[in-house]
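Participant: Build the 3D model from these lines:
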Amino acid sequence: MELDSRKLDELLELTRENNKILSGMRRSQRWGSFFRLVYWAIILGSIFGVYYYFQPTIQKYMKTFQTSVGIIQSFEKTVGSIPTNVQSVKNLIGK
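Facilitator: Residues are numbered from 1 along each chain as shown. This is a model prediction of the structure:
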């Protein structure tokens, strides 16, 4: 009987120690999840903040880029109408 009581007491002590360790692990997991959420919120928030701050500059450069593309396209249309072979040039000159 004495042996069973000692084993039960040892088992109870091990169970309490195990429960304490598991509770600490769960607490660490919750804090880790919280800080991971804060980490990603800071990263995404800073990305959107930088975009919001530089939005007028970005729009100005986008407008310049679109204008450049339009000029290049109109130049390509103009160059496309210029005859490139020798026979077409002779016909234009009239010989």
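Participant: Read off the pLDDT value for the most centrally placed residue in the chain.
Facilitator: With distances taken as CA atoms, centre = their mean, the residue of the chain nearest its centroid is Leu44 (8.0 Å). In the predicted model, Leu44 carries a pLDDT score of 96.
Participant: Then the one 4 residues further on?
Facilitator: Looking at Phe48, its pLDDT is 92.
Participant: chain center to the helix or strand that contains it, what's the gap?
Facilitator: For Phe48, the element it lies in under DSSP states H and E is helix 2-80. Between the centre of helix 2-80 and the centre of its host chain there is 10 Å, according to CA atoms, centre = their mean, to the nearest Å.
Participant: Packing partners of it?
Facilitator: Helix 2-80 makes packing contacts with no helix or strand when contacts are defined by 3 or more CB pairs under 8 Å, 6 or more residues apart in numbering; DSSP states H and E. C-beta here means a position set from N, CA and C on the backbone, and glycine is covered the same way.
Participant: okay, now Ser5: neighbour count?
Facilitator: 9 (other CB atoms under 10 Å).
Participant: wait, Gly32
Facilitator: Here the number of neighbours of Gly32 (other CB under 10 Å) works out to 10.
Participant: pull the helix or strand with minimum mean pLDDT from this structure.
Facilitator: Between all helices and strands in the chain, the lowest mean by mean pLDDT, DSSP states H and E belongs to helix 86-93, at a mean of 68.
Participant: Please report how far the residue nearest to the centre of the chain lies from Tyr52.
Facilitator: In this structure, Leu44 and Tyr52 are separated by 13 Å, where distance is defined by CB to CB, to the nearest Å.
Participant: swap in Gly32?
Facilitator: Using CB to CB, we find Gly32 at a distance of 30 Å from Tyr52.
Participant: In contact with Lys7, which residues?
Facilitator: Counting by CB atoms under 8 Å, 6 or more residues apart in numbering, Lys7 touches no other residue.
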